[in-house]
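A.B. asks: Sequence and predicted structure are below.
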Amino acid sequence: MATEKFIIPIGPQHPALKEPGHFEFDVDGEVVTAASVRLGYVHRGIEKGAETRNFVQAEYLVERICGICSHVHATAFCLGVEKLAGVEAPPRAQAIRQIVAELERIHSHMLWIGVAAHEAGFDTLFMYSWRDRETVMNLLEGITGNRVNYSANVLGGVKCDIGPEQIDAILAGLEFLEERTRHYLDVVSNDALFLRRTRGIGVMTRDEAERLGVVGPTARASGVPRDIRIDAPYLLYKEFPVELIVEEAGDLEARFKVRVRELFESYRVIRALLANLPEGDLTTRIPRRIKPAETISRIEAPRGELFYFIKSNGTDMAERVKVRTPTLPNMASVVVTAVGHQLADMPMILAGIDPCFSCNDRMTVVRRNGERQSWTWEQLRQYGIEWYR
Amino acid sequence: MSTITALIALLFFPGGLVILLAGMAYEWADRKLVARFQNRIGPRWFQPLADNLKLLAKEEVIPQGVHRGLFVALPVIALSGALTAVLYVPVFGLAPSFSFAGDLIVTIYLLSLLTMCTGLAGANTLNRFSLVGATRTLTQMFSYEAPFLLALLGPALAAGSWQISEIAAYAEDHWLVLAQPIGFIVALIGLMGKLELPPFDAPEAETEIVAGPLTEYSGRGLALFHLGKGVELIVGLTLVSALYLGGVANPIAFFVKTLLLLVVLAGLQSLLARLRIDQTVGLWWRYGAILGLVQFLVLIAWEGLVA
Amino acid sequence: MKLMTMWRDALHGLTKKPVTQRYPFVRQEAPDRLRGHLVWNRETCTGCGLCAKDCPAEAIEVITLDKKAKRFVFRYHVDRCTFCAQCVESCRQNCISMLSDRWELAAVDKEAFLVHYGDEADVQAALAGEPDSGAPAAE
């Protein structure tokens, strides 16, 4: 019996997606039978751009890979370049970097709660969580001077100091946010209708999660105990550690709970840092020309493990900057967990991994005549040159 | 009724122009209330009017592959169904313009006409989002229609008549919300299903299927559907308040009761997440139908005992 | 399992003032550190050009008319600037600062986006020295 395939395309333009990406779901009635994904709509050539700019300029370029996780990109880059140059930022700078990173995590998770609630049709939670997110944005604006793309880092340290005024503002803001977060944890865990949309949906077992290589809160919601801040501490995470937040269920409800509980950890770490802020300089000298070497730096972005590979060649420009963002491994899990669910669950499952398509589009795998081919860097460059000839 | 008065009732008051404007006013009130529940400002008073005027002024794009006649005719039929239903309910606290025995069924049918037109409109196009939306609309209609009807028949049974004006007159002396609380709850939730308000807005789930059955509509067609929805809102609110909340004897009672009901609807809208279509159907066929039947049986038993 | 867990928020929403800002009729106070429009102080500039070199968006040009006499013109492309404040950091003499009250920078024509800082005569000289710059000077 021949069955016609009924394909529902979601994207590149769709109200469920905040950024362009293309998903195709084969549906039978309302049940999804197969799924496939195509990315690359926001490829901007940032890695190439970083090769023609000096390290100072490249830091800002790399920061603008993503709006929500901009600070971690800049921090990863700065840590990598500082490692290459053999300098270490002073402790006060590291503390400030960590504070801004945790504030960014708070802002990102609150944004995600709102977006995921909106995908479920629960607009009230969306509006209230975004209203409370304004508190964090204003705090960040007070410290760094901008609500998004904070540009707090410079190579060798930070630009902005945290004085007593900012400390008071941060502590007051955190108090308000903690109370609201407790309320959101209650809503997410107990609201009957919301649970009907999240409990048991998009289940990913621990084995599946480890096989697919998912990272971040998505993995921790399936019981995988992986967190770069604990496994490979950077900045001041050794002295001011975070606790590992893990849930076992692996469904959407677990992903909500992991992220909300991580918020409490962020509040605690920021308070500890503010109480024990080290004195000292904000920056340290770093040479313009970095001697040839390679290094990697790994950071826990709000979405998972952010991985940078930087190679220098003795000049003041990078030889190669390679970025692997957390959304890339998590995207594969969407395709796997979507099968068998209803069409109405698709936006929620997609939102469950906290996708950041802007972070994502970095590599290209080209299909020719139905076969898949991976190109090396030289092949890609040659193709580009010939295309424009 | 003489022809002139009939025409005025149809085209101007209380049908036609005035009810269209009133529909837009109630839509604004609903949006403003939901916004206030969410701690935001909400639209200004002329927003729905501006939306509809803008839509009427825009070009209507007829996509490829649709049946042209059906595409253009369906919004008109939907709106006319809603407008005709106005003539039988006591809007604005005045006696219905036309009234005959059995007009309760006719009114409910005319309201369903609007939903069916929406479903057909979605099925008419080649767009997959519309097809999924059309399926959901019709599925939802099949699920809430029976309990909603049962809930509205409760007052009819108590009043001993199928005529809305007579039921409303009976309800003025007996507050049926106290006598038939279960029926009232089923009627209220059924009204939310009929109007496709959250949590029952799966047919037009913006984040899943763009705009549901109305995805391909633009310009005049979309404006007519929106106007029809506004009119449906008023008719539904009037029906439930007239039958359950003690009739709508005069304009003041009308506005107070329907707006009170609207506040409750807006509150429920903002506090409940959207249900999936299978969950909606499950909810209705399990709890809605049972509650409706229970209420009905209680009534019949009561009538049997009393009579 | 509770139903309608956000009812308290909804009730509060009815009674409290809405949080929507009625911009542009009401403007929020910008914090002191807000990175707005750039300003250049020519008193201490040595013409090293690090600001122009380090700008990720190539929004700054330092035109040297006479290095010994310290006559420089600072050309700033507002439309290219990303407001990252790297120039503020790079300048060792603290010539550059960012205004926290000038951040509404939308304009109807491109002329507002090309800003020259410096002595009037110097700016005219710099503009005269360039063949096709029709942009007006600003202080």
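C.D. replies: Looks like it arrived, so ask away.
A.B. asks: alpha carbons only for contacts and neighbour counts from here, please
C.D. replies: Noted.
A.B. asks: Pass me the low-pLDDT residue ranges in chain C, would you?
C.D. replies: The model of chain C has pLDDT under 70 over residues C:130-139.
A.B. asks: ok, and what's touching stretch B:176-184?
C.D. replies: B:Ala151, B:Leu152, B:Gly154, B:Pro155, B:Leu243, B:Tyr244, B:Leu245, B:Gly246, B:Leu291, B:Gly292, B:Gln295 (C-alpha atoms under 8 Å, 6 or more residues apart in numbering or on different chains).
A.B. asks: Check stretch B:275-291 too.
C.D. replies: Against stretch B:275-291 from outside (C-alpha under 8 Å, 6+ apart): A:193, A:196-197, A:344, B:136, B:139-140, B:143-144, B:146-147, B:182-183, B:186, B:199-203.
A.B. asks: what mean pLDDT does the host helix or strand of B:Leu17 have?
C.D. replies: B:Leu17 is part of helix B:16-37 when elements are defined by DSSP states H and E. Averaging pLDDT along helix B:16-37 gives 92.
A.B. asks: Check which helices and strands that helix sits against.
C.D. replies: helix B:3-11, helix B:47-57, helix B:219-244, helix B:251-271, helix C:7-15 (3 or more C-alpha pairs under 8 Å, 6 or more residues apart in numbering or on different chains; DSSP states H and E).
A.B. asks: nearest to B:Thr118, of the ones you listed?
C.D. replies: helix B:219-244 (8.0 Å; C-alpha to C-alpha).
A.B. asks: for that closest one, the distance to its chain's centre please.
C.D. replies: Between the centre of helix B:219-244 and the centre of its chain there are 5 Å (C-alpha atoms, centre = their mean, to the nearest Å).
A.B. asks: Report the angle between that helix and helix B:16-37.
C.D. replies: 80 degrees (axes from the mean of the first three to the mean of the last three C-alpha atoms, to 10 degrees).
A.B. asks: before we move on, the earlier item: out of the helices and strands packed on helix B:16-37, which is the most enclosed?
C.D. replies: helix B:219-244 (a mean of 25; mean count of other C-alpha atoms under 10 Å in any protein chain shown).
A.B. asks: rewinding a little: for the helices and strands packed on helix B:16-37, which one sits closest to chain A?
C.D. replies: helix B:251-271 (5.8 Å; C-alpha to the nearest C-alpha).
A.B. asks: next helix or strand past the closest one?
C.D. replies: Next in sequence after helix B:251-271, counting helices and strands by DSSP H and E, comes helix B:277-283.
A.B. asks: could you give the mean pLDDT of that following helix?
C.D. replies: For helix B:277-283, the mean confidence score works out to 86.
A.B. asks: so how far is the very next helix or strand once past that helix from its chain's centroid?
C.D. replies: Toward the C-terminal end, the helix or strand that comes next after helix B:277-283 (DSSP H and E) is helix B:289-306. In terms of C-alpha atoms, centre = their mean, the centre of helix B:289-306 is found 25 Å from the chain centre.
A.B. asks: Over helix B:289-306, what's the mean pLDDT, rounded is fine.
C.D. replies: 85.
A.B. asks: how close does the closest residue to chain B within the stretch 101-250 of chain A sit to B:Val34?
C.D. replies: Across the stretch 101-250 of chain A, the shortest distance to chain B (C-alpha to the nearest C-alpha) belongs to A:Phe122, at 4.2 Å. As judged by C-alpha to C-alpha, to the nearest Å, A:Phe122 and B:Val34 stand 12 Å apart.
A.B. asks: can you list residues touching both of these two?
C.D. replies: B:Ser270.
A.B. asks: tell me which parts of the stretch 251-389 of chain A are close to chain B?
C.D. replies: A:Leu343, A:Ala344, A:Met346, A:Pro347 (C-alpha under 8 Å from any C-alpha of the partner chain).
A.B. asks: The first one touches A:Ala35, doesn't it?
C.D. replies: No: assessed by C-alpha atoms under 8 Å, A:Leu343 is found out of contact with A:Ala35, at 11.0 Å.
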